[in-house]
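need coordinates for the below:
(one chain, ligands or ions: 1)
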Amino acid sequence: MMHLNEATLLNNVRRRYYENRIYSYVANILIAINPYIEIAEMYTPETIKKYQGKSLGQQPPHVFAIADKAFRDMKVLKQSQSIIVSGESGAGKTESTKHLLRYLCYSYGSSAGPIEQKILDANPVLESFGNAKTTRNNNSSRFGKFIEVHFNNKFQVVGGHISHYLLEKSRICSPSSEERSYHVFYQLMAGAPDSLRQKLKLTQPDDFNYLKTGCTRYFASPASEKTLSPSQKSAAHAKQGPLKDNLVDDVQDFKTLDSALSRMGISDADKMQIYTMVAAVLHLGNVEFEDDPEDTRGGCRAKQSGESSLAIASTLLGIDASELKQALTSRVMQSSRGGVKGTVIMVPLKVYEAVNARDALAKAIYSKLFDYIVNRINESIPFQASSYYIGVLDIAGFEFFTINSFEQFCINYCNEKLQQFFNETILKFEQEVYKREGLNVPEITYADNQDCIDMIEGKTNGIFTILDEESKLPKPLYTHFTSELHTKWPNHFRLALPRSSRLKAHRSIRDDEGFLVRHFAGAVCYQTKQFIEKNNDALHASLEGIVQESSNKLIQSLFSTSNTLKGKLSFISVGNKFKTQLAELMEKLRQNGTNFIRCIFVYRVPTSLGASNQTQEWFINNSMGL
Ligand SMILES: Nc1ncnc2c1ncn2[C@@H]1O[C@H](COP(=O)(O)OP(=O)(O)OP(=O)(O)O)[C@@H](O)[C@H]1O
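Numbering: from 1, shown residues only. Got it, this is the predicted structure:
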């Protein structure tokens, strides 16, 4: 390109996109535009063959070329490789990841032998439990992942390993109105055989509090729709028909999930335990609470209308119904004087506290189930003698909404770390090459974001540390945490009060209810209201106690390792866990060779504008999240 700037680059990829050439290179970085249609011949076995052993540039730009480059670099440099796939939600990261894995397994495995098949089988399973319909993407991954494909010293695929990050938990109890919870809930209701649905007492999405706040329609093709009986459909589904997507079909996807689980070596009995836990979460959500007029201390009781749900949930969870009821409506406290444990007292919970306890239990069950599923996948793709691996990182890009909470804070922190890594790898490296070759290229300046990272993760006054300290107080308060933050970082360029936001909606947030971080990609204003709850992975002791004694072996084992401090509210820091996981990931990335893929999402031009100057303007303003 004669003139290289954002506008010419954008125009170039746009013109290529209109010719179905969705891939372009900027140096070694692949730009991938989501085509939203199947492009003929794009990913066929013949196309795979064309890229095998070819240097970048010998064939048109392609995600396969990056996979092959990683493979060749691994072989020649004798070094493990990473492929970092970035982009906003819906940009095509997960689809690119799947193509990369398919390419590696087909090209350098024993032509999709059992191990390769199991690596590929991980995708439908992960998607059932970790993906959901959002307003931006019908199949949005609500967790980050680093998938390693391991090779032996002959450079053949021998196994794999998946690490996962930050499953979005708020979705489990309250998906927002246009969105859905995790696919598996709908897949079970739409696609499981009658006998299984009856056993699990699964009816239709409207019947469950945890689903009915969101969209209750299934994804179904015309053929799948015909298999659904009226009793399986929600009112919205019956009225408006199914949601349609070429890649998502709840009826079909249940069958795919079930057979993928079997191929992974999960027995019918273990599958039953998995499905049971999924159903238990839904029934638990139907247990509701009201003030107890007989309790003088302002406690609550379970509503009569939810008794049958309580009974079903307890049966499925393998715990006694009355014990579950008690653990949801009260918690155990043990007074300690002078280090000696005193009497045990039952503290009644208020309605909102019982609701929080119930939701915390549901989230804990589901997220532990997700951990278990990933562990089982990893057990199914073991390797003894791995020499090197190629790891593909598929993790959410920078997020900036009107309301930004703890999840956005963690994701944006992760993106700060990845941006720093990108700066180190690409920009520093390029400049070293220019210098070495004596090219007179002016030095490229870029904003160093170490100060932002330090402010977030620093051991003494980092935001995560301040949050953890607040969480350990007897009565943690988000307003106190927020004030502490502003006090400890009064004049830092990266941290400001919400009122300094350019957005009107943020300027009305009180000083002790939010903070603004000037990230590398822009300023984001965070609302701290739920930071303390979202940063705590612990259940209160009474609840933890009863699930640990469940007669359901899977539930018992999943909760057995938890470190409950008997008689006290324990605290398990989500932020700290993420920080540690991310440090491990960055360490791996730094040791490996690196390849970058940047996915871009193209908004479709409203057809109402037609071919006009307005369309052109719309496109320039809205088209690509570069
Ligand atoms: N290469 C492709 N060819 C055809 N369609 C694609 C391609 N890549 C993505 N899509 C379409 O775009 C949708 C969104 O892609 P994908 O799920 O990969 O996005 P993502 O970046 O992983 O989003 P999220 O962060 O929400 O998980 C897919 O479900 C598919 O319909």
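
quick one: average confidence on stretch 388-397?
The average pLDDT within stretch 388-397 is 95.

what of stretch 25-32?
Per-residue pLDDT over stretch 25-32 has a mean of 92.

next structured bit after the helix or strand hosting Ser314?
Element membership of Ser314, judged by DSSP states H and E, is helix 307-317. Counting by DSSP H and E, the next helix or strand C-terminal to helix 307-317 is helix 321-329.

against which helices or strands is that following helix packed?
Counting contacts by 3 or more Cβ pairs under 8 Å, 6 or more residues apart in numbering; DSSP states H and E, helix 321-329 is packed against strand 300-302, helix 307-317, helix 351-380, helix 541-548. Any C-beta I mention is one placed from the backbone N, CA and C, and that applies to glycine too.

what about it, average pLDDT?
So the average pLDDT for helix 321-329 ends up being 95.

would you put the C-alpha positions of that helix in CSV?
Presented in CSV, the C-alpha positions along helix 321-329 are these (Å, rounded to 0.1, in the frame of the first residue of the first chain):
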residue,chain,number,x,y,z
ALA,A,321,-34.9,-31.2,51.6
SER,A,322,-35.3,-29.8,55.1
GLU,A,323,-31.5,-29.4,55.5
LEU,A,324,-31.4,-27.6,52.2
LYS,A,325,-34.3,-25.3,53.3
GLN,A,326,-32.5,-24.6,56.5
ALA,A,327,-29.2,-23.9,54.9
LEU,A,328,-30.8,-21.5,52.4
THR,A,329,-32.7,-19.5,55.1
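
make 40 the starting number, not 1.
Sure thing, new numbering starts at 40, so read that last one as helix 360-368.

that helix to helix 390-419, inter-axis angle?
110 degrees (axes from the mean of the first three to the mean of the last three Cα atoms, to 10 degrees).

got the residues of the chain near the ligand?
73-75, 77, 126, 128-134, 176-180, 286, 435, 638 (Cβ under 6 Å from any ligand atom).

which among the helices and strands packed on helix 360-368 is found nearest to Leu95?
helix 390-419 (31.3 Å; Cβ to Cβ).

parallel or antiparallel, list what pairs with whatever helix or strand comes next after the closest one.
Downstream of helix 390-419, the first helix or strand assigned by DSSP H and E is strand 427-433. Paired neighbours of strand 427-433 in the sheet (DSSP bridges): strand 120-125 (parallel), strand 183-190 (antiparallel).

the ligand versus the closest residue to Phe440 other than its chain neighbours, what's the distance?
Once flanking residues are discounted, Phe440 sits nearest to Gln447: 6.7 Å by Cβ to Cβ, 6 or more residues apart in numbering. From Gln447 across to the ligand, the span is 13 Å (Cβ to the nearest ligand atom, to the nearest Å).

again with Leu267
Distance, Leu267 to the ligand, by Cβ to the nearest ligand atom: 22 Å.

okay, now that residue: neighbour count?
If you count neighbours by other Cβ atoms under 10 Å, Leu267 ends up with 20.

ok, now Leu49?
Close neighbours of Leu49, defined as other Cβ under 10 Å, add up to 16.

try Ala229
28.

angle of the helix or strand hosting it against helix 390-419?
Applying DSSP H and E as the criterion places Ala229 in helix 222-230. Counting by the same axes, to 10 degrees, helix 222-230 points 80 degrees away from the direction of helix 390-419.

among the residues of the chain next to the ligand, which ones are in helices?
Members of those lying in helices (criterion: DSSP state H): 132-134.

nearest to Leu466 among those?
Nearest member of those to Leu466, counting by Cβ to Cβ, is Lys132, at 22.3 Å.

that closest one: neighbour count?
Applying other Cβ under 10 Å, we find 30 residues neighbouring Lys132.

and the one 4 residues further on, by the same measure?
By the criterion of other Cβ under 10 Å, Thr136 has 22 neighbours.

check Lys514 too.
6.

let me know the helix or strand that it is in.
Lys514 is part of no helix or strand when elements are defined by DSSP H and E.

now for it: which residues touch it?
Lys514 is in contact with no residue at all, counting by Cβ atoms under 8 Å, 6 or more residues apart in numbering.

ok, back up a step: show me which of the residues of the chain next to the ligand are buried.
Among these, those buried by neighbour count (16 or more other Cβ atoms under 10 Å) are 73-74, 126, 128-134, 176-180, 435, 638.

on that earlier part again, tell me the pLDDT at the residue nearest to Phe440?
Gln447 is given a pLDDT of 94.

isn't it right up against Val563?
Yes. Counting by Cβ atoms under 8 Å, Gln447 does reach Val563; the two are 6.7 Å apart.

who touches both of the two?
Residues touching both Gln447 and Val563 (Cβ under 8 Å, 6+ apart): 438-439.

what's downstream of the helix holding Ala229, the next helix or strand?
Past helix 222-230, the next helix or strand by DSSP H and E is helix 233-238.

which residues does stretch 386-397 contact?
By Cβ under 8 Å, 6+ apart, the list of residues contacting stretch 386-397 reads 323-324, 326, 328-331, 334, 336-339, 341, 366-372, 572, 578-579, 582.

which parts of that stretch are buried?
Those would be 387-390, 392-394, 396-397, for stretch 386-397 by 16+ other Cβ under 10 Å.

can you put those residues in a markdown table and add pLDDT?
Written out in a markdown table, the entries for these read as follows (pLDDT from 0 to 100):
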| residue | pLDDT |
| --- | --- |
| Pro387 | 93 |
| Leu388 | 94 |
| Lys389 | 95 |
| Val390 | 96 |
| Glu392 | 93 |
| Ala393 | 96 |
| Val394 | 96 |
| Ala396 | 94 |
| Arg397 | 96 |
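
tabulate these (TSV), appending distance to Ile404.
Formatted as TSV, those follow (distance: Cβ to Cβ, whole Å):
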residue	distance to Ile404
Pro387	24
Leu388	19
Lys389	23
Val390	21
Glu392	19
Ala393	17
Val394	16
Ala396	13
Arg397	11
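
list the contacts of the residue of the stretch 190-339 of the chain found nearest the ligand.
Closest to the ligand within the stretch 190-339 of the chain is Leu286: 4.9 Å, counting by Cβ to the nearest ligand atom. For Leu286, the contact set (Cβ under 8 Å, 6+ apart) comprises 177-178.

tell me how many other residues surround the nearest residue in space to Leu512 that is not next to it in sequence.
Distance criterion Cβ to Cβ, 6+ apart; nearest residue to Leu512, sequence neighbours excluded, is His519 at 7.9 Å. Using other Cβ under 10 Å, the number of residues around His519 comes to 14.
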